[in-house]
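Asker: quick one, fold the following:
(chains A and B)
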Amino acid sequence: MIESVTQAALSSALDGLSTRQRVIADNIANINTPNYQAQRVTFEDALAQSVSQGSGAVAPDILPSLEPTQTNGNNVNLDEETLNSIETGLRYQFATQAMNQQFQSLTAAMKTS
Amino acid sequence: MADAIGIAGTGLTVHRKWLDAISDNIANINTAEPMSGSAFQARYVAVQAGPGTSGVYVSGAAYGSATGRVTYDPENPVADADGYVRMPDIDLGSQMGALIMAQRGYQANAAVVDRAQDAYQAALKIGSNG
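Answerer: Numbering: from 1, shown residues only, chains lettered A, B, ... in the order given. Okay, the predicted model is just below:
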């Protein structure tokens, strides 16, 4: 139970989501910076694969965004960044709740005697 | 996650400085200067993305024309013997456009702070009962 695949996977998800939140913040901070190219974070596919192999530990990948570039060389799309930011925030809260439930089961197991 | 708040903070700072520069330009749009000196020069903020994912920072300032628009205004107290003054060469339309861009950029960054705060508070609840 301690250090289970579920916990490793949840911890990777929290790590990936917080990296994504940081990258989105960076993209929005540079919304008016000429020649700035937005970045994306991916970890879901690697996480699913890692879980199927019984590990659950992955590091998030930072890749360039494929949005079309404007005439000033900037390709930050505020609509998409805002949506991603809201989704990432909600999924982060979801993952923290799942993590909490894991710890609660652990506490319950320790109390049983 | 606290990083996200700091990064959005750099975005807020850059956009606030941009707003400051624009309001200064607009405030001085009718400032006449004598022919012996230079006209009021519009200030433009130059920005650059920080290394990695560290936000954005102001890398310097660029200035508009020092010659300005030479205007005939003999009643102006700073006019020279021929009645000419230097008016700033600022386009109000483009300043107003930039003002809206800067304001929206500021709002977008402020929204990121809010959302990052929610996620941060969720992280603080890990391990608490309830």
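Asker: residue 106: neighbouring residues, count only.
Answerer: I went with chain A, as the question did not name one. By the measure other CB atoms under 10 Å in any protein chain shown, the count of residues near A:L106 is 14. (C-beta placed from N, C-alpha, C; glycine too.)
Asker: should've been chain B
Answerer: That count, for B:Y106 with other CB under 10 Å as the rule, works out to 18.
Asker: what's the answer for B:G105, then?
Answerer: 25.
Asker: give me the buried positions along stretch B:117-124.
Answerer: By 16 or more other CB atoms under 10 Å in any protein chain shown, the buried positions in stretch B:117-124 come out as B:Q117, B:A119, B:Y120, B:A122, B:A123.
Asker: kindly report the same for stretch B:42-55.
Answerer: B:A42, B:R43, B:V45, B:V47, B:Q48, B:A49, B:T53, B:G55.
Asker: where does the first one fall, phi/psi-wise?
Answerer: Yep, that's B:A42 we're talking about. Backbone torsions of B:A42, given as degrees, to the nearest 10, read phi -60, psi 140.
Asker: residue contacts, it?
Answerer: Applying CB atoms under 8 Å, 6 or more residues apart in numbering or on different chains, we find B:A42 in contact with B:N25, B:Y63, B:G64, B:P88, B:D89, B:I90, B:Q95.
Asker: cool, the fourth one as well?
Answerer: For B:V47, the contact set (CB under 8 Å, 6+ apart) comprises A:N32, A:T33, A:P34, B:V14, B:W18, B:V56, B:Y57, B:V58, B:S59.
Asker: tell me the centre residue of chain B?
Answerer: B:W18 (1.2 Å; CA atoms, centre = their mean).
Asker: so which elements touch the host helix or strand of that one?
Answerer: For B:W18, the element it lies in under DSSP states H and E is helix B:2-27. Judged by 3 or more CB pairs under 8 Å, 6 or more residues apart in numbering or on different chains; DSSP states H and E, helix B:2-27 is in contact with helix A:5-29, strand B:43-49, strand B:56-63, helix B:92-124.
Asker: okay, buried residues for stretch A:95-104 please.
Answerer: A:A95, A:T96, A:M99, A:N100, A:Q102.
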